[in-house]
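Enquirer: Have a look; sequence and predicted model below, questions after that.
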Amino acid sequence: MAVRIRLTRLGKKKKPFYRIIVADSENKRDGKFLDIIGTYDPLQNPAVITLNSTKLEDWLGRGALPSTTVKSLIKQSKAVAE
(Lines give C-alpha, C1' and ligand atoms only; values in the text may rest on other atoms or scores of the structure.)
Protein backbone atom coordinates (compact mmCIF):
# COMPACT_ATOMS: atom_id res chain seq x y z
CA MET A 1 0.00 0.00 0.00
CA ALA A 2 1.73 3.13 -1.24
CA VAL A 3 0.46 6.31 0.39
CA ARG A 4 0.38 9.50 -1.69
CA ILE A 5 -0.30 13.15 -0.89
CA ARG A 6 -2.45 14.46 -3.73
CA LEU A 7 -5.36 16.70 -4.72
CA THR A 8 -9.04 15.87 -4.74
CA ARG A 9 -11.42 18.12 -6.64
CA LEU A 10 -14.41 19.89 -5.15
CA GLY A 11 -16.53 22.81 -6.35
CA LYS A 12 -18.91 23.41 -9.20
CA LYS A 13 -18.36 23.02 -12.89
CA LYS A 14 -15.79 25.59 -14.11
CA LYS A 15 -15.12 26.64 -10.49
CA PRO A 16 -12.56 24.20 -9.08
CA PHE A 17 -11.53 23.97 -5.45
CA TYR A 18 -9.12 21.32 -4.21
CA ARG A 19 -8.34 19.56 -0.95
CA ILE A 20 -4.82 18.32 -0.32
CA ILE A 21 -5.33 14.80 1.01
CA VAL A 22 -3.41 11.69 2.00
CA ALA A 23 -4.72 8.56 0.27
CA ASP A 24 -3.74 5.10 -0.87
CA SER A 25 -2.36 5.39 -4.40
CA GLU A 26 -4.86 2.81 -5.70
CA ASN A 27 -7.95 4.77 -4.60
CA LYS A 28 -9.89 6.98 -7.01
CA ARG A 29 -9.17 10.71 -7.23
CA ASP A 30 -12.32 11.66 -5.34
CA GLY A 31 -12.58 8.38 -3.42
CA LYS A 32 -11.64 7.24 0.06
CA PHE A 33 -8.81 9.10 1.81
CA LEU A 34 -6.91 8.88 5.08
CA ASP A 35 -6.50 12.53 6.10
CA ILE A 36 -7.04 16.12 4.90
CA ILE A 37 -3.94 18.26 5.30
CA GLY A 38 -4.88 21.43 3.43
CA THR A 39 -6.71 23.21 0.62
CA TYR A 40 -5.87 24.91 -2.68
CA ASP A 41 -8.04 27.57 -4.32
CA PRO A 42 -6.69 28.44 -7.79
CA LEU A 43 -9.43 30.98 -8.56
CA GLN A 44 -8.21 33.55 -6.03
CA ASN A 45 -5.65 36.09 -7.18
CA PRO A 46 -3.02 35.05 -6.05
CA ALA A 47 -3.96 31.41 -5.53
CA VAL A 48 -4.61 30.54 -1.88
CA ILE A 49 -2.79 27.51 -0.43
CA THR A 50 -3.41 26.45 3.17
CA LEU A 51 -1.43 23.60 4.70
CA ASN A 52 -1.39 22.08 8.17
CA SER A 53 2.37 21.84 8.51
CA THR A 54 2.33 19.45 11.48
CA LYS A 55 0.16 16.93 9.61
CA LEU A 56 2.28 17.37 6.48
CA GLU A 57 5.53 16.70 8.34
CA ASP A 58 3.96 13.73 10.11
CA TRP A 59 2.82 12.08 6.86
CA LEU A 60 6.11 12.81 5.08
CA GLY A 61 7.89 11.23 8.06
CA ARG A 62 5.74 8.12 7.69
CA GLY A 63 6.81 7.77 4.05
CA ALA A 64 3.94 9.36 2.12
CA LEU A 65 5.04 10.66 -1.28
CA PRO A 66 3.61 13.92 -2.66
CA SER A 67 2.44 14.11 -6.27
CA THR A 68 4.31 16.52 -8.54
CA THR A 69 1.52 19.11 -8.27
CA VAL A 70 1.43 18.92 -4.48
CA LYS A 71 5.22 19.12 -4.35
CA SER A 72 5.10 22.43 -6.26
CA LEU A 73 2.27 23.70 -4.01
CA ILE A 74 4.35 22.92 -0.91
CA LYS A 75 7.26 24.89 -2.37
CA GLN A 76 4.97 27.84 -3.18
CA SER A 77 3.44 27.87 0.30
CA LYS A 78 6.83 27.77 2.00
CA ALA A 79 8.05 30.63 -0.19
CA VAL A 80 5.06 32.67 0.99
CA ALA A 81 5.57 31.68 4.64
CA GLU A 82 9.24 32.77 4.70
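Expert: In hand now; what should we look at? What you see is a predicted model; the values in this text were computed from it and never measured.
Enquirer: how about the helices in the chain?
Expert: Applying DSSP state H to the chain gives helices spanning 53-62, 68-81.
Enquirer: Tally up the residues packed near the closest residue in space to Lys32 that isn't next to it in sequence, please.
Expert: Spatial nearest neighbour of Lys32, chain neighbours left out: Ala23 (6.9 Å); criterion: Cβ to Cβ, 6 or more residues apart in numbering. Glycine gets a C-beta too; all of them are placed from N, C-alpha and C. By the criterion of other Cβ atoms under 10 Å, Ala23 has 20 neighbours.
Enquirer: so what pLDDT did Ala23 get?
Expert: We have a pLDDT of 94 for Ala23.
Enquirer: Please apply the same query to Ile74.
Expert: Reading off the model, Ile74 has pLDDT 92.
Enquirer: Bridge partners for the residue nearest to Val70 when sequence neighbours are not counted, pull those for me.
Expert: Spatially, and ignoring its direct neighbours in sequence, Val70 is nearest to Ile5 (5.1 Å; Cβ to Cβ, 6+ apart). Counting by DSSP bridges, Ile5 forms beta bridges with Val22, Pro66.
Enquirer: coming back round to it: if I average pLDDT within each of the helices of the chain, which one is lowest?
Expert: Mean pLDDT per stretch puts helix 68-81 lowest among the helices of the chain, at a mean of 85.
Enquirer: Tell me what angle it forms with helix 53-62.
Expert: Helix 68-81 and helix 53-62 meet at an angle of 140 degrees, taking axes from the mean of the first three to the mean of the last three Cα atoms, to 10 degrees as the criterion.
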